[in-house]
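A.B. asks: Pasting the sequence and the predicted model now:
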Amino acid sequence: MSVYTVVETHQLEAFLEDYDVGILESFEGISAGIENTNYFVTTNNHGQIEQFVLTIFEHHSFEELPYFLNIMAFMAEHNIPTAHPMPTKSHSFLKELCGKPAALVERLVGSGVENPSVAQCGVMGGQLAKFHIAGQAYEQHRDNDRDIGWMSATFAEIRTRLEEDECKMIENELRFQAGTDWQNLPMGVIHADLFCDNALFVGDTLSGIIDLYYACNGPLLYDLAVMVNDWCRVHDDDPARIAFDQERIDAMLSAYQTQRSLTDDELKAWPSALRLAALRFFLSRLKDKHIPREGEMTMIKDPNVFKRVLQLHQ
Ligand SMILES: Nc1ncnc2c1ncn2[C@@H]1O[C@H](COP(=O)(O)OP(=O)(O)OP(=O)(O)O)[C@@H](O)[C@H]1O
Ligand SMILES: N[C@@H](CCO)C(=O)O
């Protein structure tokens, strides 16, 4: 569980005064998520109960956050289901709370998915393609800070703490990835972290995509691979039992391609994209495990899941 920054009632009341959202009724820390501190916030706006999510950013600076918050607003305004950030009375999506950057966004209904259905994979494939198409008109640019350079640097940072087989796998994969020419594949705004817990569903209806705080410019194919690696595998506490479900993969890829066809170069790069996406999350989970961050409640995700996913793709 992750609440890194504890907010007192009087601090939140003062924070909310700068928004047109009424008076604080209640708030509670959200246990899911590992990057930021999140609270559900309920207000009373002239007799109407309104619900929001407050995010206190633990790693991002004030300067880099407008990119993400503007994308959320942009996508919501382009019919991509995302939580629109709330503007302050001075028209900013960003404010300071407890000395850190913070934002208030609309609370969507539904919950994250644990065992995705074939239908949900189809919905996500179609929505990701729409996200990619809409993103072509988004003018701001951000490099991917979890790219292959970050992967090599992270491996160098943690390698002395890893098992020998883990080191060998990662070394092999970094060597393999050096042979893929990512720059010539279709690029654009990517979500870069569209896991099952970053989409809220009610049944098979998507209410929204959340957590756009890794969004950046990158190869569109990589984004699709990130999704396939999480949505189309059998979720099991025992990593040894993880396997891919071809029916879900087919549903996701064909729904994606009803909106945007993959190019021949993308089809050739697909195995590489699946491996790169697995390596990225294997490394971030290993880093969180070996160099954990301080927090009142913290939740570490199992790196062995992505070790297994990478093994399956290799
Ligand atoms: N707009 C929203 N509406 C409803 N619930 C939300 C919304 N944003 C976040 N949540 C809830 O908060 C939880 C944590 O949010 P999120 O996934 O963004 O966490 P994080 O720590 O910022 O990121 P990460 O998932 O990368 O660790 C989600 O699983 C979801 O339950
Ligand atoms: N989605 C990531 C965590 C946030 O980046 C994971 O499951 O490892």
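C.D. replies: Received, thanks. Ligands and ions are numbered 1, 2, ... in the order given.
A.B. asks: For ligand 2, what is the nearest residue in the stretch 151-300 of the chain?
C.D. replies: In the stretch 151-300 of the chain, the residue that lies nearest ligand 2 is residue 195 (4.2 Å; Cβ to the nearest ligand atom). (Glycine included, C-beta is placed from N, CA and C.)
A.B. asks: and that residue, what does it touch?
C.D. replies: 226, 227, 230, 231 (Cβ atoms under 8 Å, 6 or more residues apart in numbering).
A.B. asks: Pretty sure the last one sits against residue 116.
C.D. replies: Yes: with contacts counted by Cβ atoms under 8 Å, residue 231 reaches residue 116, the gap being 4.8 Å.
A.B. asks: Common neighbours of these two, please.
C.D. replies: 124, 196, 248.
A.B. asks: In strands only, show me those.
C.D. replies: Judged by DSSP state E, strands contain none of the shared contacts of residue 231 and residue 116.
A.B. asks: Go through the residues you listed and name the one nearest residue 257.
C.D. replies: Nearest to residue 257 among these is residue 124, at 13.3 Å by Cβ to Cβ.
A.B. asks: residues in contact with the closest one?
C.D. replies: 116, 194, 199, 206, 227, 231, 252, 255.
A.B. asks: Looking at those, which one is closest to residue 279?
C.D. replies: Distances from residue 279 to the contacts of residue 124, taken by Cβ to Cβ, are shortest for residue 227, at 15.7 Å.
A.B. asks: Run through the residues of the stretch 101-250 of the chain sitting next to ligand 2.
C.D. replies: Residues of the stretch 101-250 of the chain found near ligand 2 (Cβ under 6 Å from any ligand atom) are 193, 195.
A.B. asks: Quick one: name the residues of the stretch 101-250 of the chain near ligand 1.
C.D. replies: 105, 107, 108, 112, 193, 197, 198, 200, 210, 211.
A.B. asks: Looking at the chain, what residue ends up closest to ligand 1?
C.D. replies: residue 33 (2.3 Å).
A.B. asks: How many residues are close by residue 222?
C.D. replies: When neighbours are counted by other Cβ atoms under 10 Å, residue 222 registers 23.
A.B. asks: what about it, helix or strand, and which?
C.D. replies: helix 220-231 (DSSP states H and E).
A.B. asks: Using CSV, write out every CA atom in that helix.
C.D. replies: What follows is helix 220-231, C-alpha atoms only, in CSV (Å, rounded to 0.1, in the frame of the first residue of the first chain):
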residue,chain,number,x,y,z
LEU,A,220,3.4,3.4,-30.6
LEU,A,221,4.2,-0.3,-30.9
TYR,A,222,6.0,-0.3,-27.6
ASP,A,223,2.8,1.0,-25.9
LEU,A,224,0.8,-1.9,-27.4
ALA,A,225,3.4,-4.4,-26.2
VAL,A,226,3.2,-3.0,-22.6
MET,A,227,-0.5,-3.6,-22.7
VAL,A,228,-0.3,-7.1,-24.2
ASN,A,229,2.2,-8.1,-21.5
ASP,A,230,-0.1,-7.2,-18.7
TRP,A,231,-3.6,-7.7,-20.1
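A.B. asks: quick revisit: could you dump the contacts of residue 124 to CSV with pLDDT, secondary structure and neighbour count?
C.D. replies: Below are these laid out as CSV (pLDDT from 0 to 100; DSSP: H, G, I helix; E, B strand; the rest coil; neighbours: other Cβ atoms under 10 Å):
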residue, pLDDT, secondary structure, neighbour count
116, 97, coil, 24
194, 98, coil, 25
199, 97, strand, 28
206, 98, strand, 20
227, 98, helix, 27
231, 98, helix, 25
252, 98, helix, 25
255, 98, helix, 19
